[in-house]
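K.L.:
Sequence first, then the predicted structure, then my questions.
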Amino acid sequence: MAKRIDGKALAAKVKEQVRTEAAELRREAGLAVILVGENPASKVYVAGKEKDCAECGIRSFSHKLPEETTQEELLALIQTLNDDPAVDGILCQLPLPKHLDEEAVINAIRPDKDVDCFHPFNVGRMVIGEPVFLPCTPAGVMEMLKEYEIPIQGKRCVVLGRSNIVGKPMSMLLTQADGTVTTCHSRTEDLAAITREADILVSAIGKTRFVTADMVKEGAVVIDVAMNRDENGKLCGDVDFAAVEPKASYITPVPGGVGPMTRAMLMRNILTAAQNHQA
Ligand code: NAP
């Protein structure tokens, strides 16, 4: 039976470290949170991030904008926040309403305040192994592997998904940790044969019960990034947890796995930004 990786407990530990270090800054660290429109899931995420900030002794500046906000108005706000010395990090909650250009918004955030690590400058720094920030979700997974002393060097790692936010940076960080990485996506042929070779399997697809027991090697480490809703509206991941748990050596639950770690790593990035600004 697999050992469960407790993301909630580890996230609490990371946030406690952030709180301690944030208290040692000369001035309070600050996060500006921009939410455009009424997306219910985004509202929940933003509320969670503001709560995390409060717990960590980080100020949060909330900018809730109406659905009909124009590109110019949004870019003007980002410019103001870029220039505001009380703001260390800027987070613009995605997805944006369809009439807004996400790429232009990501590019407008000053890289030293890009605590989501979405800006091409920070993505490039990560790829060459000289990161300023790490993207929160993959960084949270790496932190979990480290905490549970799971070796990566020389291991076969398989990442399901190749999004810019999760899959691609996840593969990159595992490669930098000396894993031998295969990235799979919707065009991958014979996917199950590849996943069966994985010592470490990370799934970030967004499909309930996609990863079944026959796709997992005995003793594999299984990390489930996804946050899906099952037929009863219950939060669940990509992995058929009940069937895979007896086969794996370690497994992350959903909820209580990668999700809390993503939030904790955001707090760490805000602290890093504030430390850099005050250095
Ligand atoms: P995304 O942008 O929709 O990417 C999904 C990826 O899965 C794509 O690369 C896609 O391939 C691949 N895929 C889809 N169907 C597939 C199939 N049948 N076989 C193999 N690959 C397939 O999603 P995302 O933003 O990366 O998020 C992925 C999941 O993680 C979602 O459930 C999301 O809610 C969750 N998430 C969780 C956290 C957290 O904090 N825990 C953070 C972010 C995201 P193509 O590239 O070929 O289309």
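P.N.:
Sure thing, it's come through. What you see is a predicted model; the values in this text were computed from it and never measured. Numbering: from 1, shown residues only.
K.L.:
how close does residue 4 sit to residue 232?
P.N.:
22 Å (CB to CB, to the nearest Å). The C-beta positions use only the backbone N, C-alpha and C, and glycine is treated the same way.
K.L.:
typo on my end, it should be residue 164
P.N.:
According to CB to CB, residue 164 and residue 232 sit 31 Å apart.
K.L.:
before we move on, the earlier item: more crowded one of residue 4 and residue 232?
P.N.:
residue 4 (15 against 6; other CB atoms under 10 Å).
K.L.:
Contact partners for that one?
P.N.:
245, 250-253 (CB atoms under 8 Å, 6 or more residues apart in numbering).
K.L.:
Which single one of the residues you listed is nearest to residue 98?
P.N.:
Among those, residue 252 lies closest to residue 98 (CB to CB), at 32.8 Å.
K.L.:
Give me the pLDDT for the closest one.
P.N.:
The model reports residue 252 with a pLDDT of 98.
K.L.:
For burial, what's the neighbour tally of the closest residue to it other than its chain neighbours?
P.N.:
With CB to CB, 6 or more residues apart in numbering as the criterion, residue 252 has its nearest non-adjacent residue at 4.7 Å, and that residue is residue 5. Here the number of neighbours of residue 5 (other CB under 10 Å) works out to 25.
K.L.:
what does the one 5 residues further on give?
P.N.:
Other residues within reach of residue 10 by the criterion other CB under 10 Å amount to 20.
K.L.:
Remind me what the helix or strand residue 276 falls within packs against, helices and strands.
P.N.:
Secondary structure from DSSP states H and E places residue 276 in helix 258-278. The contact analysis (3 or more CB pairs under 8 Å, 6 or more residues apart in numbering; DSSP states H and E) places helix 258-278 against helix 7-23, helix 40-56, strand 89-92, helix 136-147.
K.L.:
Could you confirm whether any residue of that helix contacts the ligand?
P.N.:
Yes. Contact of helix 258-278 with the ligand (CB under 6 Å from any ligand atom) involves 258-259, 262.
K.L.:
pLDDT score for the closest residue to residue 37 other than its chain neighbours?
P.N.:
With sequence-adjacent residues excluded and distances taken as CB to CB, 6+ apart, residue 37 is closest to residue 67, at 4.0 Å. On pLDDT, residue 67 comes in at 97.
K.L.:
mind listing the helices in the stretch 51-200 of the chain by residue range?
P.N.:
71-83, 102-108, 120-127, 136-147, 167-176, 191-195 (DSSP state H, counting those that start in this stretch).
K.L.:
Can you add mean neighbour count, distance to the ligand and mean pLDDT and give those back as CSV?
P.N.:
Shown next, in CSV, are these (neighbours: other CB atoms under 10 Å; distance: least, CB to the nearest ligand atom, whole Å; pLDDT from 0 to 100):
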stretch, mean neighbour count, distance to the ligand, mean pLDDT
helix 71-83, 15, 21, 98
helix 102-108, 16, 12, 98
helix 120-127, 17, 14, 98
helix 136-147, 22, 4, 98
helix 167-176, 22, 5, 98
helix 191-195, 16, 6, 98
